[in-house]
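Undergrad: Provided below for reference: sequence and predicted model.
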Amino acid sequence: MIMTAAKRNLAILYGIGGLSDVGRHAILVALEEPTIETIKVITTFPEELDKPNWECGCIGGHTNPFKDPKNAARLEMVEIDSWKKPHEDLLTQHFEEVDAVVSCMGHRQPGRKYPELIEKGLIAHDGNRQVIQAMLHAKVDRAVVISSIAVNGDKSWPHFATGIMRFLFRTLNRKARKDLEAMEKIYVESSLDYLFVRPVGISEDAVPVGQYFLQDPG
């Protein structure tokens, strides 16, 4: 008897700039996986999907996957106006149908390039606190969370960007570091099955290389 792979449902949350841009790419990766039946995209910035440049080196740029008819049945957009407001009931409602959550709301370098982040505030901790509570209420226990290479991991990986980010986190971006550290802390203290992913080389000329390294907690 031929066994067929079980269908899965995902929720993907993304913000704007830096680490948050990974979330837009996560949507495309999920669409490439035939066993993923539905993808709920939860964001404050749905218009970011319309931009051809997703601040990456991906050849050919990108188009909004929601505007591709072949994806229509698998995608659902849920817009959040502000993560400083309570949305746990709404999140719980949407998480009840998913098997895992991919959270990409963090940011490393808010500043003049993203004035919205100065106005709306950093949301890695505030947003993920609500995500965790909603996951527990909806009985979803698997989370993949985007964080930074310069937060909490061990120092054995000699990538030059790690030292740069540690310097920035000690000087210009202290608030961003504290926000990401607080976010990681609440996942560690939760009962969830979580994985922190720390992307490296995120820039407009960086082409994905498909490599990864494992870090022990630092």
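TA: Received the coordinates, thanks. Since this is a predicted model, take the numbers as computed values, not measurements.
Undergrad: Tell me the buried residues in the least confident helix or strand in the chain by mean pLDDT?
TA: Using mean pLDDT, DSSP states H and E, helix 115-120 stands out as the lowest-scoring helix or strand of the chain, at a mean of 71. Within helix 115-120, the residues that count as buried by 16 or more other CB atoms under 10 Å are Leu117, Lys120. For every residue, glycine as well, the C-beta is placed using N, CA and C.
Undergrad: what's the offset of the helix or strand that that helix is followed by from the middle of its chain?
TA: Downstream of helix 115-120, the next assigned helix or strand under DSSP states H and E is helix 124-138. For helix 124-138, the distance from its own C-alpha centre to the chain's C-alpha centre is 13 Å (CA atoms, centre = their mean, to the nearest Å).
Undergrad: Pairing partners for the helix or strand that helix 124-138 is followed by, with directions?
TA: Following helix 124-138 in sequence order, the next helix or strand is strand 142-146 (DSSP H and E). Based on DSSP bridges, the pairing partners of strand 142-146 within the sheet are strand 100-104 (parallel), strand 193-197 (parallel).
Undergrad: out of these, which comes closest to Ile39?
TA: Within the strands paired with strand 142-146, the stretch nearest Ile39 is strand 100-104; the backing value is 9.2 Å (CB to CB).
Undergrad: Figure out which of the strands paired with strand 142-146 is closest to Arg24.
TA: Closest of the strands paired with strand 142-146 to Arg24 is strand 100-104, at 8.1 Å (criterion: CB to CB).
Undergrad: what inclination does that closest one have with respect to helix 124-138?
TA: Inter-element angle recorded for strand 100-104 and helix 124-138: 170 degrees (by axes from the mean of the first three to the mean of the last three CA atoms, to 10 degrees).
Undergrad: what pLDDT, on average, does strand 100-104 get?
TA: Summarised as a single mean, pLDDT over strand 100-104 is 96.
Undergrad: who's in contact with that strand?
TA: With CB atoms under 8 Å, 6 or more residues apart in numbering as the test, strand 100-104 has contacts from 8, 10-15, 19-23, 26, 30, 95, 127-128, 131, 135, 140, 142-146.
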